[in-house]
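A.B. asks: kindly generate the corresponding structure for this input.
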Amino acid sequence: TLISFDATWCAWADSFIDRVGAQCGGEKARQAAAKTIGYDLAARKVMGEKALLAYAAQPVIREAVCGMLESELSYERAEAERIMTEVWRECEDEQVFGIS
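C.D. replies: Down below sits the predicted model:
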């Protein structure tokens, strides 16, 4: 079975990154979230096999972004966790695309 990783996860990544930006004040937050998970916003692709999005389980990705909110955007831990609760959604069925 062939599975397109980008077709499967990039729609989720775009949506997630947009939600982080909306909650945290815009483009700086979007760029930081994309960098943290290893996602190229311009190309709409995962940035290689070493990107968190390529190999890490969702709890690891969630924790990495929560840590980024603290370290790069200066949120307190409790507020970073609240934001993650607001923006985190697992991949919805309509965001998974089959390959024909």
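A.B. asks: was I right about Ala13 contacting Leu52?
C.D. replies: No - when contacts are counted by C-beta atoms under 8 Å, Ala13 is not listed as touching Leu52 (10.5 Å). C-beta: built from backbone N, CA, C; applies to glycine.
A.B. asks: can you check which residues contact both of the two?
C.D. replies: Common contacts of Ala13 and Leu52, defined by C-beta atoms under 8 Å, 6 or more residues apart in numbering, comprise Ile37.
A.B. asks: between the two, which has more neighbouring residues?
C.D. replies: Set side by side, Ala13 and Leu52 show more neighbours around Ala13, with 25 against 18, by other C-beta atoms under 10 Å.
A.B. asks: leaving out chain neighbours, which residue sits closest to the more buried one?
C.D. replies: Tyr39 (4.8 Å; C-beta to C-beta, 6 or more residues apart in numbering).
A.B. asks: how about Trp9?
C.D. replies: Among residues not flanking Trp9 along the chain, Leu53 sits closest, at 6.2 Å (C-beta to C-beta, 6+ apart).
A.B. asks: neighbours of the one you found, how many?
C.D. replies: Neighbour count of Leu53, defined by other C-beta under 10 Å: 24.
A.B. asks: next one: Ala54
C.D. replies: Based on other C-beta under 10 Å, the number of other residues close to Ala54 is 15.
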